[in-house]
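> My questions are about this predicted structure, shown below with the sequence.
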Amino acid sequence: MREGEGGVERDRAGWRVGVADAALAAALLAFGLVGTRGAAAEQGVSLAGVAYALVVVAALGLAVRRRWPEVPLAVATVASTAYLLLGYPYGPILISFFVAVYTVAAYRPLRVAATACGLALAVLLACVFAGVRPWGLVGIMPAAAWVVVPFAVGTTVRLVRESGARTRAEQARQLADGERLRVAREVHDVVGHGLAAIHMQAEIALHLLAKRPEQAEAALAAISRTSKEALDELRVTLTVVRQEEAGAERAPTPGLTQLPELRDRLASAGLPVDVEVTGEPRTLPVAVDLAAYRVVQESLTNVLRHAGRATATVRVGYAPTEVSVEVTDTGRGSATAGPDGGRSGAGPGGGHGLAGMRERVTALGGSFTAGSGPGGGFRVYATLPLEELT
């Protein structure tokens, strides 16, 4: 939301609050005028214009109760105390006082609210020991109840509201952290794969430049093509954090249907890849399709980086309740996955590739293994369930 739009929304919210509070004040005013007359008749107490004026003042002060909570509390306290000291009947004016105490407790910090309500109680107790009908000590409890009860209710409401706000903020933070982690993982996979292919082609070009420049030219062309594809995919990935482009057209999310293009890119980078498919290929849930593709992509990128002169085989298996992907290579060393998520014995560069693949797969309820292949080299195998996601 833009800054100007946020200001408009705040103005609208403030306007709605003001209207609601004014409506409440008007309702209490009408109730107070009618109810006070009825209370006077019931209790046999005569009324004067001052009594009605005090009822009006106490009710109208609530029109700003959420904007300035202390103001209606001070007005209602003074008006109610004066009303009772003058001997007028107990009646609806105390409802206005009740609402004012509740508002301070519900919308002000505990210390501020406790101080303000304590002062209001001290003033209200004046009618217990003075005035036309002093109650003495027996009146302390009823008078205190008009402060303690709304204060307790308001404090409870405020605590519940603050707890809900903290919960929503924590949920928003967790969602944001999860989104950042997802984007970081996507960027890692895209950039890592592209740079590995570019690095391999650059090494080939440097090796052939002096002896066979025509082949070096082909390697440079492959570098240009690979870098463009990597940049295009990276641009698609980064649009998830650009809100202003939320409605823009995006390229399709990578999936297993793009394995032929991935195989061709790696073949041009010097890594022959065979792709074998068993079962009937079908449309997969987007999350599963993307995770399976990223496992294959990252596994082949690791082969390109660490396995030396090798070939790789990708096997995709479609079953009724799951899809599986397996990547094996004929490279050197790297019999097991190291503790840092890299390939043990594969030299420098082992990062978070295997850990990232494992997180992707297990987040969807799948299984992931990586280690020595049956015929040497390295093997990555993952299964992803389909039943709960279709």
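Perfect, thanks for sending it. Residues are numbered from 1 along each chain as shown.
> can we go C-alpha only for contacts and neighbour counts from here?
Noted.
> Check what pLDDT Ala197 gets.
For Ala197, the pLDDT comes out at 67.
> measure stretch 53-70 end to end?
Taking Cα to Cα, to the nearest Å, the first and last residues of stretch 53-70 lie 21 Å apart.
> Over to stretch 98-115?
Chord length of stretch 98-115, first to last residue, is 16 Å (Cα to Cα).
> Sticking with Tyr90, tell me its helix or strand.
According to DSSP states H and E, Tyr90 maps onto no helix or strand at all.
> per-residue confidence for it?
Looking at Tyr90, its pLDDT stands at 80.
> Neighbours of it, how many?
Look at Tyr90: counted by other Cα atoms under 10 Å, it has 15 neighbours.
> Give me the phi and psi angles of it.
Taking degrees, to the nearest 10, you get phi -70, psi 130 for the backbone angles of Tyr90.
> doesn't Gly38 make contact with it?
No. The criterion here is Cα atoms under 8 Å, and Tyr90 misses it with Gly38 at 10.6 Å.
> so Gly255 touches Tyr293, yeah?
Yes. Taking contacts as Cα under 8 Å, Gly255 lies within contact range of Tyr293: 5.2 Å.
> Ignoring the adjacent residues along the chain, who's closest to Thr330?
Excluding the flanking residues, the one nearest Thr330 by Cα to Cα, 6 or more residues apart in numbering is Gly377, at 4.6 Å.
> Is it correct that the one you found is in contact with Asp329?
Yes. Using Cα under 8 Å, Gly377 is in contact with Asp329, at 5.3 Å.
> Which parts of this protein are helices?
With helices called from DSSP state H, the chain shows them at 3-43, 49-60, 70-85, 93-107, 110-124, 126-129, 140-208, 213-238, 259-268, 286-306, 353-363.
> out of those helices, deepest packed?
The highest mean neighbour count among the helices of the chain, using mean count of other Cα atoms under 10 Å, belongs to helix 93-107: a mean of 27.
> Which strands or helices does that one pack on?
With contacts taken as 3 or more Cα pairs under 8 Å, 6 or more residues apart in numbering; DSSP states H and E, helix 93-107 sits against helix 3-43, helix 49-60, helix 70-85, helix 110-124, helix 140-208.
> For those helices, could you give me TSV that also reports distance to Ser96?
Below are the helices and strands packed on helix 93-107 laid out as TSV (distance: least, Cα to Cα, whole Å):
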stretch	distance to Ser96
helix 3-43	7
helix 49-60	6
helix 70-85	7
helix 110-124	13
helix 140-208	11
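> still on that earlier bit, include distance to Thr383 when you put the helices of the chain into CSV, please.
Listed next are these as CSV, based on distance: least, Cα to Cα, whole Å:
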stretch, distance to Thr383
helix 3-43, 46
helix 49-60, 68
helix 70-85, 63
helix 93-107, 53
helix 110-124, 54
helix 126-129, 77
helix 140-208, 19
helix 213-238, 24
helix 259-268, 17
helix 286-306, 8
helix 353-363, 8
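> Among those helices, which comes closest to Pro385?
When the helices of the chain are compared by Cα to Cα, helix 286-306 sits nearest Pro385, at 8.1 Å.
> where in the stretch 101-250 of the chain is pLDDT low?
The model of the stretch 101-250 of the chain has pLDDT under 70 over residues 129-139, 172, 175-176, 178-180, 182-201, 203-210, 212-250.
> Try it again at 90.
Where the stretch 101-250 of the chain drops to pLDDT under 90, the residues are 121-147, 161-250.
> hmm, back to that, compare Gly377 and Asp329 and say which is more crowded by neighbours.
More crowded of Gly377 and Asp329, by other Cα under 10 Å: Asp329, with 25 against 22.
> So what sits opposite the more buried one in the bridge?
According to DSSP bridges, the residues that bridge with Asp329 are Ala312.
> which ones are touching it?
Shown in contact with Asp329 (Cα atoms under 8 Å, 6 or more residues apart in numbering): Val303, Ala307, Ala310, Thr311, Ala312, Thr313, Gly373, Gly376, Gly377, Phe378, Arg379.
> give me phi/psi at the residue lying closest to the fourth one once chain neighbours are set aside?
Closest residue in space to Thr311, ignoring its immediate chain neighbours: Pro272 at 5.2 Å, by Cα to Cα, 6+ apart. The main-chain torsion angles of Pro272 are listed as degrees, to the nearest 10 and equal phi -70, psi 130.
> Pro272 and Gln43: what is the separation?
Counting by Cα to Cα, the gap from Pro272 to Gln43 is 100 Å.
> got it, and Leu259?
89 Å.
> Val160 too?
Taking Cα to Cα as the measure, Val160 falls 40 Å from Gln43.
> And for Gly279?
Using Cα to Cα, we find Gly279 at a distance of 89 Å from Gln43.
> now swap in Arg379 and tell me
Taking Cα to Cα as the measure, Arg379 falls 92 Å from Gln43.
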